[in-house]
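> With the input below, show me the fold.
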Amino acid sequence: MIIDSGWDFVQLTSARMNWSDPDSRRLFVVGMDRDLCYFFARVVTERFNGDLSSSAEQVVDLVDEDYIRYFATIEQVPELDTHDWWVHDADGNSITAELERVSEARGIHHIGHYQLDPTSWHSTGPMHSFRDYYKPDLPKFEITRPPQYDGWRRATKSADRFGFSDEFEETNDPAIG
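Numbers count the residues shown, from 1 in each chain. You can find the predicted model right below:
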């Protein structure tokens, strides 16, 4: 299952980028089922012109299979656009608007467009986790504690779910330090 959104897509496609060819500008699609289970990463084109609107039908045709419900597009670029308006076309419309319209008409959901250069990446979709994603129809994952462990001490407190920093109280015992 794709769980980390952007980073998963980077991992699935970055090794297939053609960084040795400065003119290569590959466009990939990653197809997923209704549970965000990965099915494929395919090359749409070796020489993408950067216009998702004109490529929308071609992209959706490539991912339109019975079991595919979600997909992401990943674009190889020589250098990332560093301005924050890279997600809009010259008219101020979202670069993914046409792709989303075409795919939604077929019951498939485009969940983000990602650009990768040799050292970094950015996205129109979630950068970190689908847990924080704005589209409500994506499957949510939840980690639950099995009932047999209810009485056990947790490794972290709820206020600090990513580390152990608040788990133990300071001690004044000189033998402990």
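
> C-alpha only now, for contacts and for neighbours.
Will do.

> distance between the ends of stretch 42-60?
12 Å (Cα to Cα, to the nearest Å).

> Enumerate the positions of it that are buried.
Buried residues in stretch 42-60, counted by 16 or more other Cα atoms under 10 Å: 42, 43, 44, 45, 48, 52, 53, 55, 56, 59, 60.

> List the contacts of the residue lying closest to residue 34 once chain neighbours are set aside.
Nearest in space to residue 34, with sequence neighbours left out and distances taken as Cα to Cα, 6 or more residues apart in numbering, is residue 69 at 5.3 Å. Residue 69 is in contact with 31, 32, 33, 34, 107, 108, 109, counting by Cα atoms under 8 Å, 6 or more residues apart in numbering.

> 10 Å instead, please
Counting by Cα atoms under 10 Å, 6 or more residues apart in numbering, residue 69 makes contact with 31-37, 63, 103-104, 106-110, 138.

> ok, now residue 93?
Counted by Cα under 10 Å, 6+ apart, residue 93 has contacts residue 87.

> Kindly state the pLDDT recorded for it?
On pLDDT, residue 93 comes in at 75.

> From residue 123, how far off is it?
In terms of Cα to Cα, residue 93 sits 16 Å off from residue 123.

> Check which helices and strands the longest helix anywhere in the chain sits against.
Ranked by residue count, the top helix of the chain under DSSP state H comes out as helix 52-63. Contacts defined by 3 or more Cα pairs under 10 Å, 6 or more residues apart in numbering; DSSP states H and E place helix 52-63 against strand 27-32, strand 38-45, strand 70-76, helix 97-105, strand 109-116.
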